[in-house]
Structure formats: structure tokens, C-alpha cells
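# Got a predicted structure plus its sequence, pasted below:
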Amino acid sequence: MNILLVIVIVVAVILAITGGLVESLNFLLWVGIILAVIAIIAWLIRSLSGRNNV
């Protein structure tokens, strides 16, 4: 699960940088932001559920 989150974060950062540099590909900026938010939410859910199990 951690590897998946790392991959999602890396893709989000790459898409955000690409979207910021190339104005014609502005939608990639939004895709990167959405993927970053999803990765943060998944990390929070995982950390909260991990604390409840301990």
C-alpha cells in the first residue's frame, strides 16, 4: 500500500510541474492537484486506522 501511495504522489508532482510549465496542458495541473489530495486523504485514513488498531 505504501508503494502505491508513493507512486501516486510522484505522478501528482510530475503532472503538477508539467501543468505549471506548459500552459496548453493546464488540465494536468488540476489532475496533479487531485491526485495529491487523494494521496493525502489515503495517507490520513491509513494513519488513523493504524492508530486505532494499536
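That came through fine. Numbering: from 1, shown residues only.
# Quick check: chain neighbours aside, which residue is closest to the most centrally placed residue in the chain?
The centroid of the chain falls nearest to Ala36 when counting by C-alpha atoms, centre = their mean (2.4 Å). In space, and not counting its chain neighbours, Ala36 is closest to Ala12: 4.0 Å by C-beta to C-beta, 6 or more residues apart in numbering. In this view, the C-beta of every residue, glycine as well, is placed from N, C-alpha and C.
# what's the answer for Val13, then?
Ranked by C-beta to C-beta, 6+ apart and with sequence neighbours excluded, the top spatial neighbour of Val13 is Gly32, at 6.9 Å.
# quick one: pLDDT of that neighbour?
Per-residue pLDDT puts Gly32 at 84.
# try Trp43
86.
# Who are the contact partners of it?
Trp43 makes contact with Leu5, according to C-beta atoms under 8 Å, 6 or more residues apart in numbering.
# Let me know the helix or strand that it is in.
Element membership of Trp43, judged by DSSP states H and E, is helix 26-53.
# Can you give the distance of that helix from its chain's centre?
6 Å (C-alpha atoms, centre = their mean, to the nearest Å).
# For that helix, buried residues please.
Across helix 26-53, burial judged by 16 or more other C-beta atoms under 10 Å covers 28-29, 31-32, 35-36, 39.
# between those residues, which is closest to Leu5?
Using C-beta to C-beta, Ala39 comes nearest to Leu5 of the buried residues of helix 26-53, at 5.6 Å.
# Now for that closest one: which residues touch it?
Per C-beta under 8 Å, 6+ apart, neighbours of Ala39: 5, 8-9, 12.
# Can you list the neighbours in contact with the least confident helix or strand in the chain by mean pLDDT?
Lowest mean confidence among the helices and strands of the chain (mean pLDDT, DSSP states H and E): helix 2-21, at a mean of 79. Helix 2-21 is contacted from outside by 25-33, 35-36, 38-39, 42-43, 46, using C-beta under 8 Å, 6+ apart.
# orientation of the helix holding Trp43 relative to helix 2-21 in degrees?
With axes from the mean of the first three to the mean of the last three C-alpha atoms, to 10 degrees defining the directions, helix 26-53 sits at 150 degrees from helix 2-21.
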